[in-house]
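# got a predicted model here, sequence first, then my questions.
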Amino acid sequence: MIVKDTRAEHLGLVETQLRALNGNLPMLWVTGQAHYATPGFAFIVIHGVDEDTPRRRSIRAEACRLLEKLGHPVAVQPGRDVFHIEPVRPTSRHEAVDMLTELSSLLE
């Protein structure tokens, strides 16, 4: 049985939520790094908050918390190669609202 990799979709849901919660950060976006042949993420990168380290760390912690609740552990495994994951982003405000609704239902 093949299991669909939902990391990019779930990363998009989390990014959409973080953007909604941090409306005063118009350049906020998220990317992920994942280890080959393992589930979850190695590391989450927060962009658009470069000058405010405490806030960037807080947003990263929230991203990791949400991803872990969605079933994607976030943990670096030293010595393992990683690859880049871009989130699936909404293409309209309507789609962003749908994504926020989907995230809410997945977290229930």
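Thanks, I have the structure now. Numbering: from 1, shown residues only.

# the lengthiest helix in the chain - contacts with which helices or strands?
In the chain, taking DSSP state H as the definition, the longest helix is helix 53-69. Packing partners of helix 53-69 (3 or more CB pairs under 8 Å, 6 or more residues apart in numbering; DSSP states H and E): helix 7-21, strand 43-47, helix 93-107. Every C-beta, even on glycine, is put in place using the N, C-alpha and C of the backbone.

# show me what the second one is packed against.
Secondary structure elements in contact with strand 43-47, counted by 3+ CB pairs under 8 Å, 6+ apart, are strand 29-35, helix 53-69.

# residue 108: neighbouring residues, count only.
5 (other CB atoms under 10 Å).

# how about residue 37?
7.

# where does it land in three-state SS?
coil (DSSP: H, G, I helix; E, B strand; the rest coil).

# coming back round to it: just say which of the helices and strands packed on strand 43-47 is most tucked in.
Ranked by mean neighbour count, the helices and strands packed on strand 43-47 are led by strand 29-35 with a mean of 20 (mean count of other CB atoms under 10 Å).

# how far does it sit from its chain's centre?
7 Å (CA atoms, centre = their mean, to the nearest Å).

# and the angle for that strand with helix 53-69?
60 degrees (axes from the mean of the first three to the mean of the last three CA atoms, to 10 degrees).
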